[in-house]
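Student: Curious how this folds, go ahead:
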Amino acid sequence: MGHCFSLPSSSSEIHEENEHGDGNAVVCYGEEFGLDQDLPVHRLGSVCSIKGSKALNQDNAVLYLGYGTGDAELCGVFDGHGKNGHMVSKMVRNRLPSLMSTLKNELNQESHVCEEEHKWEKACFSAFRLVDKELLLQVFECSFSGSTAVVAITHGDNLLIANLGDSRAVLGTMNQDDEISAVQLTSDLTPDVPSEAERIRMCKGRVLAMKTEPSSQRVWLPNHDIPGLAMSRAFGDFRLKDHGVIAVPEVSHHQITTQDQFLVLATDGVWDMLSNDEVVSLVWSSRKNQSTAAKLVAEAAETTWKKKLKSKKIDDITVICLFLHNKELLSSTIDT
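Tutor: Predicted structure coming up:
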């Protein structure tokens, strides 16, 4: 853990040869930027993934620089669950960015005029739907396995966020007192949200808490006490798709201002232990060495897991930090 890599990519799709460390967190570069071409200026980012106490790290993440036409960045974290959750999250990570870019390019070719933000939004909804369908064609079984996703795309000063499940995106911004503060950009889409629970119950799914966790609602089949899913939206989990668990993301837009300093995407292994404000403060403290930001947050979450829950298993922890104003030629770091 703690190694840094600079990763060239010859394709817009994520392949095994682009993966370093344990392969769970990768940095990719746009295919049009070869070694013999001028490299684009891009925002600075870092990504870190730490395996919890399970046999496999079911988190996956990608930081994509020079994304799309080369003037954008994409961040995505994916938290798998169930027996084959690690395979679901990896497939989604490998497939979703290239599919979104392809669909966006197709919209660019259409004759009618459409704002850039709307094109990305349409591409996002379509890509999420298609990736969920493609999971049905995989050799691994996804009846009770799935993955959350939170994806951010920056193009210029426009930021699009697509969220599915309980991973989270948080913005670090300067407040009126010129202090760094946290702005949560996504809602945790779980059965605890009344509108999410209502949809599930309308589809005859059950929403109940376990006796050992009375404060956390879970999703169950109508007539069986399985699987006890802790989120209300996810890729996969096909036995629950007829009972209100959907793969339709919540999509939102944000206009980046001079006050906005950085973006943090992380799985619930971070947010279960650290508050939004704690995470933002940690990232801000590393601003003079931005390549260490994701690692700093991930290690703080791991330490808190060990301190607070000594007798329980530690969750997988994955973090992406993207600084919004400082830019340099194409290069970034990955820590695993």
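Student: Do a quick rundown of the helices in the chain.
Tutor: For the chain, the helices defined by DSSP state H cover 85-109, 116-135, 194-202, 268-271, 276-285, 293-308.
Student: Would you mind giving those as TSV with mean pLDDT and mean neighbour count added?
Tutor: Every C-beta, even on glycine, is put in place using the N, C-alpha and C of the backbone. What follows is the helices of the chain, written out as TSV (pLDDT from 0 to 100; neighbours: other C-beta atoms under 10 Å):
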stretch	mean pLDDT	mean neighbour count
helix 85-109	94	21
helix 116-135	95	19
helix 194-202	98	15
helix 268-271	98	24
helix 276-285	97	19
helix 293-308	95	21
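Student: Rebuild those helices as CSV, extending it with distance to G45.
Tutor: What follows is the helices of the chain, written out as CSV (distance: least, C-beta to C-beta, whole Å):
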stretch, distance to G45
helix 85-109, 14
helix 116-135, 19
helix 194-202, 31
helix 268-271, 16
helix 276-285, 11
helix 293-308, 8
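Student: Minimum distance to M174: which of those helices has it?
Tutor: Nearest to M174, of all the helices of the chain, is helix 276-285, at 9.7 Å by C-beta to C-beta.
Student: For that closest one, which outside residues touch it?
Tutor: 170, 172, 180-182, 184, 261-262, 264, 266, 270-271, 274, 293, 296-297, 300, 321 (C-beta atoms under 8 Å, 6 or more residues apart in numbering).
Student: the inter-axis angle of it versus helix 293-308?
Tutor: 140 degrees (axes from the mean of the first three to the mean of the last three C-alpha atoms, to 10 degrees).
Student: Could I get the CA-only coordinates of helix 276-285 as CSV?
Tutor: Taking C-alpha atoms only, helix 276-285 is exported to CSV below (Å, rounded to 0.1, in the frame of the first residue of the first chain):
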residue,chain,number,x,y,z
ASN,A,276,-18.3,14.9,5.6
ASP,A,277,-16.5,17.7,7.5
GLU,A,278,-13.8,15.3,8.7
VAL,A,279,-13.1,14.1,5.2
VAL,A,280,-13.0,17.6,3.8
SER,A,281,-10.7,18.8,6.5
LEU,A,282,-8.3,15.9,5.8
VAL,A,283,-8.2,16.6,2.1
TRP,A,284,-7.7,20.3,2.7
SER,A,285,-4.8,19.6,5.0
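Student: my guess is A182 contacts L171, does it?
Tutor: Yes: counting by C-beta atoms under 8 Å, L171 is a contact partner of A182 at 7.2 Å.
Student: between these two, which one's more packed in?
Tutor: Comparing A182 with L171 by other C-beta atoms under 10 Å, the one with more neighbours is L171, at 23 against 20.
Student: Could you give the bridge partners of that one?
Tutor: Beta-bridge partners of L171, counted by DSSP bridges, are V183, L263.
Student: contacting residues around it?
Tutor: If you count contacts by C-beta under 8 Å, 6+ apart, then L171 has A182, V183, Q184, L185, H254, D260, F262, L263, V264 around it.
Student: So which of the helices of the chain is nearest S216?
Tutor: helix 268-271 (11.3 Å).
Student: Need the contact partners of that closest one.
Tutor: Residues outside helix 268-271 that contact it (C-beta under 8 Å, 6+ apart): 52, 59, 79, 148, 166-168, 188, 279, 297-298, 301, 305, 314-319.
Student: The residue lying closest to G66 once chain neighbours are set aside - how many residues pack around it?
Tutor: Leaving aside its sequence neighbours, G66 sits nearest to G30 (C-beta to C-beta, 6 or more residues apart in numbering; 3.2 Å). Number of residues near G30 (other C-beta under 10 Å) recorded here: 23.
Student: Correct me if wrong: G30 contacts L74.
Tutor: No: using C-beta under 8 Å, G30 is not in contact with L74, being 10.1 Å away.
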